[in-house]
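*Asks:* The amino acid sequence is not available; the structure is as follows:
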């Protein structure tokens, strides 16, 4: 009786596992398409995953379809199943692209992918073993240069160093560099380059490799809006990232701009010039993640100017916002800040006009300045007359 209950329990558990694993594998399995590895519902490879490292490999497969090319300063490990005498760890690829491995001696691995080296080692070991099972592990990657140009804040070359020790990470106080060195993803390089400019063409970013001649086009808008991690590609040695620039700020789609300006790959601050009736006119820098609207710019400029210390500031009926159009001309738009909080772009010029009351007050002030000299002369004449006739202004009648 007891054995029958145990048998029934095992059958139920087996049924649950059979119904769960295919669903999991349908979500996680990957297949190659158009140069990228995409998730597929047709593969069952995840059922074979037996350890956490392999599972991570399937998860990260959605990020890249590119094969890593071995080269000098890479550190690899070779593991041969049930034959530890042929296994080795921590093998540094020498400057000439070779490693030393017994019993083969010097082996050239430079320019090979992990799969190619794995097959090469398996073929060599067939002389010593029947059906050798070889696993190649990339323990540390070599530093390499990536170039980025176009619509980013700081274009140029960036060294990708993924082998960062704990001490180095603790000493590094710049979060952009930490991200850039942690994982050679496109998004991390964009962050290290200061972020995308507001006029970047997000949907046609190109990645070209001068070594293998490969070329990719990435849609960063899908990465931001839909979370398509397939657009966030791993970068390799020889990559050049080109972010096209739109013709002008007027070619920027406002909805796309709003979607990207709050992301981590956008430039962190937006420069805007605010002049006129504000407390601190001049250049202000708005946090792109906090707010880049018209009222935020006025607040960053100290708010609207007050005539006197105890008086209250005012909200004008219109503010002038100027922006360069496609022809390089400055175009001005009138905005009522009480009803429309306009989204600002970098290098916009905001002018807050003075209110009507101060203008009237200044008119009276100017008139007073004109009258004051005349009043001064009249007062001097009266004072001079009193010196000679003290009773001049005495209107009392003598008795």
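*Replies:* Structure received. Small disclaimer: the values here were computed from a predicted structure and weren't measured.
*Asks:* which residues of the stretch 1-150 of the chain fall in strands?
*Replies:* Secondary structure of the stretch 1-150 of the chain (DSSP state E, counting those that start in this stretch): strands at 30-33, 36-39, 75-80, 88-92, 98-101, 105-108, 134-140, 144-150.
*Asks:* who wins for proximity to residue 184 among the ones you listed?
*Replies:* strand 144-150 (7.5 Å; C-beta to C-beta). (Each C-beta comes from the backbone N, C-alpha and C, glycine too.)
*Asks:* list the helices and strands that closest one packs on?
*Replies:* strand 156-160, helix 186-192, strand 239-243 (3 or more C-beta pairs under 8 Å, 6 or more residues apart in numbering; DSSP states H and E).
*Asks:* closest to residue 227 out of those?
*Replies:* Here helix 186-192 is closest among the helices and strands packed on strand 144-150 (C-beta to C-beta), at 11.7 Å.
*Asks:* Going along the chain from the closest one, find the next helix or strand for me.
*Replies:* Next helix or strand after helix 186-192 toward the C-terminus (DSSP states H and E): strand 205-209.
*Asks:* Grab the nearest non-local neighbour of residue 237.
*Replies:* Among residues not flanking residue 237 along the chain, residue 144 sits closest, at 3.7 Å (C-beta to C-beta, 6 or more residues apart in numbering).
*Asks:* and that neighbour, what is it in contact with?
*Replies:* 159, 160, 236, 237, 238 (C-beta atoms under 8 Å, 6 or more residues apart in numbering).
*Asks:* per-residue pLDDT, the residue lying closest to residue 293 once chain neighbours are set aside?
*Replies:* Leaving aside its chain neighbours, residue 293 sits nearest to residue 341 (4.5 Å; criterion: C-beta to C-beta, 6+ apart). Confidence at residue 341, expressed as pLDDT, is 88.
*Asks:* Could you measure from residue 341 over to residue 295?
*Replies:* According to C-beta to C-beta, to the nearest Å, residue 341 and residue 295 sit 5 Å apart.
*Asks:* can I assume the residue nearest to residue 293 sits in a helix?
*Replies:* No - looking at residue 341 with DSSP: H, G, I helix; E, B strand; the rest coil, it is coil, so not inside a helix.
*Asks:* who touches it in this structure?
*Replies:* 293, 294, 295.
*Asks:* Excluding sequence neighbours, find me the nearest residue to residue 257.
*Replies:* residue 198 (6.4 Å).
*Asks:* I'd like the average pLDDT over stretch 233-252.
*Replies:* For stretch 233-252, the per-residue pLDDT averages 85.
*Asks:* Now do the buried residues in that stretch.
*Replies:* 233-243, 246, 248-249, 252 (16 or more other C-beta atoms under 10 Å).
*Asks:* Endpoints of that stretch, how far apart?
*Replies:* 25 Å (C-alpha to C-alpha, to the nearest Å).
*Asks:* I figured residue 200 was touching residue 153, is that so?
*Replies:* No - between residue 200 and residue 153 there is no contact under C-beta atoms under 8 Å: 10.2 Å.
*Asks:* the more surrounded of those two?
*Replies:* residue 200 (26 against 15; other C-beta atoms under 10 Å).
*Asks:* Quick check: the closest residue to that one other than its chain neighbours vs residue 245, distance?
*Replies:* Distances taken as C-beta to C-beta, 6+ apart put residue 151 closest to residue 200, at 3.6 Å, once the chain neighbours are dropped. Using C-beta to C-beta, residue 151 is found at 4 Å from residue 245.
*Asks:* Cheers, nothing more for now.
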